[in-house]
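**Student:** Show me how the following folds:
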Amino acid sequence: MSDAHEVQTLNDSSIAIDFAGIHFKNPFMLSSAPPSMSPRLVIRAARLGWGGAVLKTVTENPTVDPRTRLGALRKDGRLIGMNNIELLSRETVDTWVRSYIPQMRKESPEGFVLIASIMSSPDPDSWTTLAETVTSAEVDAIELNVSCPHGSPEKHMGAFIGQNPDLVESVTRAAKKGTDLPILVKLTPNVTDVVSIAQAAKKGGADGVSAINTVESLIGIDVEAATPLPAAYPTAPGTTFSTYGGFCGPAVRPIGLRVVSQIARADPDLQISGIGGIEDWHSAAEYIMVGAQTLQVCTAVMWHGFGIIKDMTAGLAEFLARKGYEDLQSMVGLALPKLTSWEALDKLPPVIAKITDACTGCKKCVIACADGGYLAIQMRDGKAVVNPEKCDGCGLCSVVCDDNAVEFVYSS
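**Tutor:** Presented below is the predicted three-dimensional model:
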C-alpha cells in the first residue's frame, strides 16, 4: 500500500463521525492508559492516523506505581487478556496543563481530538476545580474516571464513586460547573446494574459515557512460589505481594459488548464510546453495531503498537463499502433490535449441526459431544459425521471446532 493510499484511507470520510458534539475523522481513540501517558506517545499516534486520545488520568497527587504491575492470561501460548495494577499519571496537573497538552496540540495533525481524563474524591468542589484547570489547556472534552477498580477505591476514588449512582450524578454535575466542554463519564463494569449508573451520569449532565473500564480481577497464581500475580517486588528483597487489578484485552470484549448494548437499549439517545478488547476492524464493528459511536483502544496498542490503526481504518472503511452502508452512523445500533429476552426466544427449534468439507478429522467435536453433549458425532472415513436423530443443536461442536467446519441447518 502506498503512503498516499494510506493517508487517503486513514482520512476516509465514510468512517468519520460526530460524537458528543465533536467531529472525529475516524472513531478510533487511545483510551486513558500507558499509551497516552506522554507527548511522545500521543503525538506519534496522532501522526499515524488515530482519531484522538483520552489522556492518562490526572488527579491532585501524582501516582507512584509498583514494579512489576502487568500480568498475562494465555491460552495455548497466545495472549488473550492482561491484568494491571497501575494507577494514574506520574506527572502533576500543572505539567499536563502547561507543557504536555500544549505540546500535543501543537505537534499533532489538525483534527486530532484530545480528551483530558480527571479523577478526584467524592468532594464535588475538587471535580469542579480539576475541570476548570484542564479546560484551560485547550482540550476538546473531559472524561471523568469514576471506574478504576484497584487502588483508587481504597482512597474513596475511582470505582468507589462509579458504583454509586448518587455519587456519579454529584461529581458529574460538579465537573460540568467547571467547564463548557463536553463531559464523558467512564463507567465500571463491576456493578450489578450498569444502566442505573449511566442514567445517573446523564442526569448529572454528561454528554456521553465511556464503557467499559477494566474488570476487577486476580490474573493468576505462581503456584511454585504460592504468590499472586503480577508480582509487585518490594523495595528490598523479601516477601513479594500482589493485589487485585484491572483485567483487559480480547477476553473482556463480551462484557464490554453486553454493557454497551444494555445502555444503548435503555437510552438510545445517550452517546457511547466503546472500550474493551477492541483489536481490529471486526471487533470495532461489533461495538458500533450494539450502540457505540467511538472506540477506545489500549491493550491491542500495548501488544502490537500504534501501527494497527492502518488496518483498523482500512478494514472498517472496506466493510462499510462492501455492505453498502452510507456512513458509520448508519451502522450504529444495527444489531440491537435482534437482542431480546431469554423468555422471548423460540424453544427447541428443529436445528441440527452439519459437518462441512472443511473438517480436518481432529476429533475435538467427537470428544466434546460425547462428554459434554449428546453423543451425536462419530468419525467415519477420517471425518466427523453428525447423527441427526441424536443432535440437539446445542452448538458445542461449533465452539470447539478450530476449522469453522460446522454449520446449522433445519432438520427435515
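**Student:** In contact with Leu41, which residues?
**Tutor:** Leu41 makes contacts with Pro34, Pro35, as judged by CB atoms under 8 Å, 6 or more residues apart in numbering. Every C-beta, even on glycine, is put in place using the N, C-alpha and C of the backbone.
**Student:** gap between it and Asn404?
**Tutor:** From Leu41 over to Asn404 the distance is 37 Å, taken as CB to CB, to the nearest Å.
**Student:** Tell me how this protein divides into domains.
**Tutor:** 3-338, 346-410 (automatic domain parsing).
**Student:** Dump these into CSV; add mean pLDDT as well.
**Tutor:** As requested, the domains of the chain are exported to CSV (pLDDT from 0 to 100):
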stretch, mean pLDDT
domain 3-338, 96
domain 346-410, 97
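**Student:** if you compare those domains, which one is most tucked away?
**Tutor:** domain 3-338 (a mean of 20; mean count of other CB atoms under 10 Å).
**Student:** From the chain's centre, how far out is it? Work that out for me.
**Tutor:** 7 Å (CA atoms, centre = their mean, to the nearest Å).
**Student:** the helices in the stretch 301-412 of the chain, which residues?
**Tutor:** Counting by DSSP state H, counting those that start in this stretch, the stretch 301-412 of the chain has helices at residues 308-323, 364-372, 396-400.
**Student:** In CSV: these, plus distance to Arg98.
**Tutor:** What follows is those, written out as CSV (distance: least, CB to CB, whole Å):
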stretch, distance to Arg98
helix 308-323, 29
helix 364-372, 59
helix 396-400, 54
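**Student:** Out of those, flag the one nearest Glu154.
**Tutor:** helix 308-323 (34.1 Å; CB to CB).
**Student:** what helices or strands is that closest one leaning on?
**Tutor:** With contacts taken as 3 or more CB pairs under 8 Å, 6 or more residues apart in numbering; DSSP states H and E, helix 308-323 sits against helix 3-10, strand 28-30, helix 39-48, helix 281-289.
**Student:** Next one: Thr135 relative to Ser108, how far apart?
**Tutor:** 18 Å.
**Student:** so who does Asn146 touch?
**Tutor:** Just so we're on the same page, residue 146 is Val rather than Asn. Met119, Gly158, Ala159, Ile161, Gly162, Leu167, Val168, Val171, Val185, Lys186, Leu187, Thr188.
**Student:** isn't Lys203 right up against Ser170?
**Tutor:** No. Here Lys203 does not reach Ser170: they are 10.2 Å apart, not a contact under CB atoms under 8 Å.
**Student:** can you redo the helices and strands packed on helix 308-323 as a markdown table with distance to Ile275?
**Tutor:** Formatted as a markdown table, the helices and strands packed on helix 308-323 follow (distance: least, CB to CB, whole Å):
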| stretch | distance to Ile275 |
| --- | --- |
| helix 3-10 | 21 |
| strand 28-30 | 9 |
| helix 39-48 | 16 |
| helix 281-289 | 8 |
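**Student:** Between these, which one is closest to Ala198.
**Tutor:** Between the helices and strands packed on helix 308-323, helix 281-289 lies closest to Ala198; by CB to CB that is 15.5 Å.
**Student:** What angle do helix 308-323 and the closest one make with each other?
**Tutor:** 60 degrees (axes from the mean of the first three to the mean of the last three CA atoms, to 10 degrees).
**Student:** Each with direction, which strands does whichever helix or strand comes after helix 281-289 pair with?
**Tutor:** Sequence-wise, the next helix or strand downstream of helix 281-289 (DSSP states H and E) is strand 294-297. Neighbouring strands of strand 294-297 in its sheet, by DSSP bridges, are strand 28-30 (parallel), strand 272-275 (parallel).
**Student:** quick one: contacts of strand 294-297?
**Tutor:** 17, 19, 24, 27-32, 51-52, 54, 210, 273-275, 278-279, 284, 287-288, 308.
**Student:** run the last query once more with 7 Å
**Tutor:** Contacts made with strand 294-297 from outside it, assessed by CB atoms under 7 Å, 6 or more residues apart in numbering, are listed as 17, 19, 24, 27-31, 54, 210, 273-275, 278, 284, 287.
**Student:** Equivalent analysis for stretch 239-246, please.
**Tutor:** Contacts of stretch 239-246 (CB under 7 Å, 6+ apart): 71, 83-85, 149-150, 213-219, 227-234.
**Student:** can you do 8 Å?
**Tutor:** 69, 71, 83-85, 148-151, 213-219, 225, 227-234.
**Student:** List the ones among the residues you listed that fall in strands.
**Tutor:** Among these, DSSP state E puts Gly71, Asn83, Asn84, Val215, Glu216, Ser217, Thr227, Pro228, Leu229 in strands.
**Student:** Need the three-state assignment for Ser210.
**Tutor:** strand (DSSP: H, G, I helix; E, B strand; the rest coil).
**Student:** That should have said Ala116, apologies.
**Tutor:** Relying on three-state DSSP, one would call Ala116 strand.
**Student:** Bridged to it, which residues?
**Tutor:** Beta-bridge pairing of Ala116 under DSSP bridges involves Ile142.
**Student:** wait, doesn't it sit right on Asn145?
**Tutor:** No. Distance between Ala116 and Asn145: 10.3 Å, which falls outside the contact criterion (CB under 8 Å).
**Student:** Would you mind measuring from Pro39 to Pro102?
**Tutor:** 9 Å.
**Student:** Equivalent analysis for Lys186, please.
**Tutor:** In terms of CB to CB, Lys186 sits 24 Å off from Pro102.
**Student:** And Gly277, by the same measure?
**Tutor:** 33 Å.
**Student:** Likewise for Ala72?
**Tutor:** 36 Å.
**Student:** what does Lys364 give?
**Tutor:** 56 Å.
**Student:** Mind jotting down where the strands sit in the stretch 301-412 of the chain?
**Tutor:** 351-355, 377-380, 383-386, 406-410 (DSSP state E, counting those that start in this stretch).
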